[in-house]
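Enquirer: Okay, sequence plus prediction incoming.
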Amino acid sequence: MMKNPGGKLKVISLALATVALLLMAATGVVRPAKLSPIKIGAAGPYTGDVSKIGLDGLNAIRMAVDEANATGGIGGRKIEIVEADDAADPSKAILVAERLAMDRAVIGVVGPMNSATAQAALPTYQRAGLAIISQSATNPDLTEMGYKVMHRICPRDDAQGPASARFIVETLKPKTVYIIDDKTTYGQGLSDQVEPALKAAGVRVLRGQISMEDRDFSPILTRVKSSAPDLVYLGLANPAQAASLIKQAAGLGLKSAYMGGDGLKEKDQLIDGAAGLAEGMFVTSIGRDIKEIPEAREFIRKFESKYGAMSVFGGQSYEAACILIDAARRAHSDPMKITRANVIAALGKTRDYRGILGFPISFDSKGDVVGANIFVYQVKGGNFVPVKEYPATVPAR
């Protein structure tokens, strides 16, 4: 007759469990049951006048994070996005930066997208030691102020502006150019780069301003018409506003050609919004059109099947998120020892990252992208058609 068989079974079970744990420890597979998530911020204009561009960028970031999580996240830690709407407003961008900085699980930020919001928020990110990687903030000063947290995958306006002027002088050959900017860090800043380059080439330059809130452009368009320029250069951040200005100009009988910066390369808002009146207009771009890049085909297919047509900075937003995730994975071999500091260090060591933008991405000591080009497109038949390409050369400071 057996006495207390249940006790003997418990002893055997305990012994087997102990052996199993020792084997797991010997082979290095013991891990916590569940690792805490790791967070990245997504700062951009998800409401307001340029929300179309911002929301498409956010969707691209979501795609990058979903793909990374499907392959194990960062060392087994799931990635979560902290969505932070700055509405392209510098004052809101500071609040966004403070909120992201206070969340210690946030190890880096994709964005801000606008030069003005990046400029306003940078001191907060620097104090918090929180790396940012902007997909589209082009103002030169952003990487000239000594902020170690600042990185961007787009060329600067002091490369884009002179390239625009070179195209204007060499290809369009105008005698007089009228520049209209919107007083923003981006629009005015880009125009400030175009103007001296044109003047140095002997072109007569006139200039005026509107604000992003303006809807009636008749005062400035009356002045433009009276000066009879060969070309009107639009240093504007909002493509919908540019389309409205072009339509009002046509109503006043203005016959000048148009050119603008990278912020206007948006089919829905500029080309469709101008109802055919933007035909023939030129715009610069801080990257090759994503649809021309073979490496981006699968990304485009997935994005458009889920979210519909993509706007101008969708590809750059995806790439920026992927580079941040890659840096976090390289920051430390132990996923629980990833910190803001070692993410900054890993970002700075990014060399020849090959993603979907068609060129290997590296950062210089200031956080500027290395190896990018400036592209010129023309509106033809309701689409943007490539015309010219220039190296994104930045003058020495």
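Expert: Perfect, I can see it now.
Enquirer: where are the low-confidence patches of the stretch 1-150 of the chain?
Expert: Residues of the stretch 1-150 of the chain meeting the criterion pLDDT under 70: 1-33.
Enquirer: all helices in it, in order from the N-terminus.
Expert: Counting by DSSP state H, counting those that start in this stretch, the stretch 1-150 of the chain has these helices, from start to end: 5-26, 51-70, 90-102, 115-128.
Enquirer: Show the secondary-structure elements that the second one is packed against.
Expert: For helix 51-70, the helices and strands in contact under the criterion 3 or more Cβ pairs under 8 Å, 6 or more residues apart in numbering; DSSP states H and E are strand 38-44, strand 79-85, helix 297-307, helix 314-331. Where C-beta positions appear, they are placed from N, C-alpha and C, glycine not excepted.
Enquirer: and the nearest residue to residue 96 once chain neighbours are set aside, what does it touch?
Expert: Excluding the flanking residues, the one nearest residue 96 by Cβ to Cβ, 6 or more residues apart in numbering is residue 84, at 4.2 Å. By Cβ atoms under 8 Å, 6 or more residues apart in numbering, the contact set of residue 84 is 41, 42, 43, 44, 96, 99, 100, 109, 111.
Enquirer: try it again with 10 Å
Expert: For residue 84, the contact set (Cβ atoms under 10 Å, 6 or more residues apart in numbering) comprises 41-44, 46, 58, 92-93, 95-97, 99-100, 106, 109-112, 121.
Enquirer: buried subset of those residues?
Expert: Neighbour-count burial (16 or more other Cβ atoms under 10 Å) applied to the contacts of residue 84 gives 41-44, 46, 58, 92-93, 96-97, 100, 106, 109-112, 121.
Enquirer: show me what contacts residue 113?
Expert: Residue 113 makes contacts with 42-46, 50, 53-54, 57-58, 86, 88, 93, 134-137, 154, 186, 263, 313, 316-317, 320, as judged by Cβ under 10 Å, 6+ apart.
Enquirer: how close does the residue nearest to the spatial centre of the chain sit to residue 315?
Expert: Nearest residue to the geometric centre of the chain (Cα atoms, centre = their mean): residue 135, 1.8 Å. Distance of residue 135 to residue 315, given as Cβ to Cβ, to the nearest Å: 9 Å.
Enquirer: Are there residues contacting both of the two? Which ones?
Expert: Common contact partners of residue 135 and residue 315 (Cβ under 10 Å, 6+ apart): 57, 60, 287.
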